[in-house]
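A.B. asks: The following comprises the amino acid sequence and a computationally predicted model.
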Amino acid sequence: MSPEPVIEMKVFSKPVSGEGSSVLMGFPGSGLVGSIALQYLVDQMEFELIGVMTSKYFPPLAMMNKGVINVPFRLYEKGKLVVVVADIPIHAMICYEISNGIMDWLKPFNILEVVTIAGIVTNEPEKRVFGVSTTDEDLEKIKDLTIILPVGSISGIASSILIECKVRGIPAYGLLGETINAPDPRASAATLEVLKKMYEIDLDTQPLIEQAEEIESAMHKIAEEVQQSEAPVPKRENLPMYG
């Protein structure tokens, strides 16, 4: 008698309303670009929360807002857009299992395409959006909206989603916002501007820019306080001698 299979991911959700939906996915990563962008989108446009995902692979972390627990891996829907957004980082060792589980759940709904949103760290101050897709034909949809990456690599859960889509024959795109290793609403706003053109979304991203200014001001203030609190290094001749 064989043992019962271990359920690695559980989805508690309403079914996607109809066929042909586009699925947008954002996970914590560089600059939190994807998760900030998509949470802003669903909040501002009042997407319906249709479900959540849990997994033995997720860290034991519960999010809360004003004392109310919020599942850190959520599914939203409005019209022909489905949004998958997470507040928890997905470890590299489990990216395959998570991406495979998400795509297995989506399979019965015959989705049109997938868009993953992530950050890419550069040494430039601009907030450009770089684009990739799973086929040459699909690049046509984003070539005028993004800077197509000529060569390079993508890591993390975004890469696993794109690979999973490619082997399953599902059109998929990666929008990579130019960012830094800190929460970056400016980069999130830049990726949202691309989404607005792709799907004709009416969304004001100015509040995100204002949020970015607040974060930048706070970070600058912290940096100044740290610099002021650092004790000066004593000159060599003032160092005590021992022995």
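C.D. replies: On my side now, so go ahead.

A.B. asks: For residue 4, report the pLDDT, please.
C.D. replies: Note for residue 4: predicted pLDDT of 38.

A.B. asks: actually residue 124, not the one I wrote
C.D. replies: Taking residue 124 on its own, its pLDDT is 79.

A.B. asks: And the strands in this structure?
C.D. replies: For the chain, applying DSSP state E gives strands covering 9-13, 22-26, 48-55, 63-65, 68-70, 73-78, 81-86, 113-121, 129-133, 147-148, 172-179.

A.B. asks: would you list these in JSON lines and tack on mean pLDDT and distance to residue 39?
C.D. replies: C-beta: built from backbone N, CA, C; applies to glycine. Below are those laid out as JSON lines (pLDDT from 0 to 100; distance: least, C-beta to C-beta, whole Å):
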{"stretch": "strand 9-13", "mean pLDDT": "89", "distance to residue 39": "18"}
{"stretch": "strand 22-26", "mean pLDDT": "97", "distance to residue 39": "8"}
{"stretch": "strand 48-55", "mean pLDDT": "94", "distance to residue 39": "12"}
{"stretch": "strand 63-65", "mean pLDDT": "78", "distance to residue 39": "11"}
{"stretch": "strand 68-70", "mean pLDDT": "88", "distance to residue 39": "11"}
{"stretch": "strand 73-78", "mean pLDDT": "96", "distance to residue 39": "9"}
{"stretch": "strand 81-86", "mean pLDDT": "96", "distance to residue 39": "6"}
{"stretch": "strand 113-121", "mean pLDDT": "95", "distance to residue 39": "11"}
{"stretch": "strand 129-133", "mean pLDDT": "95", "distance to residue 39": "18"}
{"stretch": "strand 147-148", "mean pLDDT": "94", "distance to residue 39": "25"}
{"stretch": "strand 172-179", "mean pLDDT": "95", "distance to residue 39": "14"}
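
A.B. asks: how close does the nearest residue to residue 177 once chain neighbours are set aside sit to residue 212?
C.D. replies: Nearest residue to residue 177 in three dimensions, chain neighbours excluded: residue 187, at 3.6 Å (C-beta to C-beta, 6 or more residues apart in numbering). Using C-beta to C-beta, to the nearest Å, we find residue 187 at a distance of 9 Å from residue 212.

A.B. asks: between the two, who's got more neighbours?
C.D. replies: For residue 187 versus residue 212, neighbours defined as other C-beta atoms under 10 Å are more numerous around residue 187 (31 against 19).

A.B. asks: Kindly check the end-to-end length of stretch 59-79 for me.
C.D. replies: 32 Å (C-alpha to C-alpha, to the nearest Å).

A.B. asks: same deal with stretch 102-120?
C.D. replies: 23 Å.

A.B. asks: Please produce a markdown table containing the strands of the chain, extended by mean neighbour count.
C.D. replies: Shown next, in a markdown table, are the strands of the chain (neighbours: other C-beta atoms under 10 Å):
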| stretch | mean neighbour count |
| --- | --- |
| strand 9-13 | 15 |
| strand 22-26 | 25 |
| strand 48-55 | 16 |
| strand 63-65 | 9 |
| strand 68-70 | 10 |
| strand 73-78 | 22 |
| strand 81-86 | 22 |
| strand 113-121 | 25 |
| strand 129-133 | 22 |
| strand 147-148 | 13 |
| strand 172-179 | 26 |
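
A.B. asks: Now tabulate the ones you listed in JSON lines and tack on distance to residue 196.
C.D. replies: Formatted as JSON lines, those follow (distance: least, C-beta to C-beta, whole Å):
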{"stretch": "strand 9-13", "distance to residue 196": "26"}
{"stretch": "strand 22-26", "distance to residue 196": "12"}
{"stretch": "strand 48-55", "distance to residue 196": "20"}
{"stretch": "strand 63-65", "distance to residue 196": "26"}
{"stretch": "strand 68-70", "distance to residue 196": "26"}
{"stretch": "strand 73-78", "distance to residue 196": "14"}
{"stretch": "strand 81-86", "distance to residue 196": "12"}
{"stretch": "strand 113-121", "distance to residue 196": "12"}
{"stretch": "strand 129-133", "distance to residue 196": "12"}
{"stretch": "strand 147-148", "distance to residue 196": "17"}
{"stretch": "strand 172-179", "distance to residue 196": "12"}
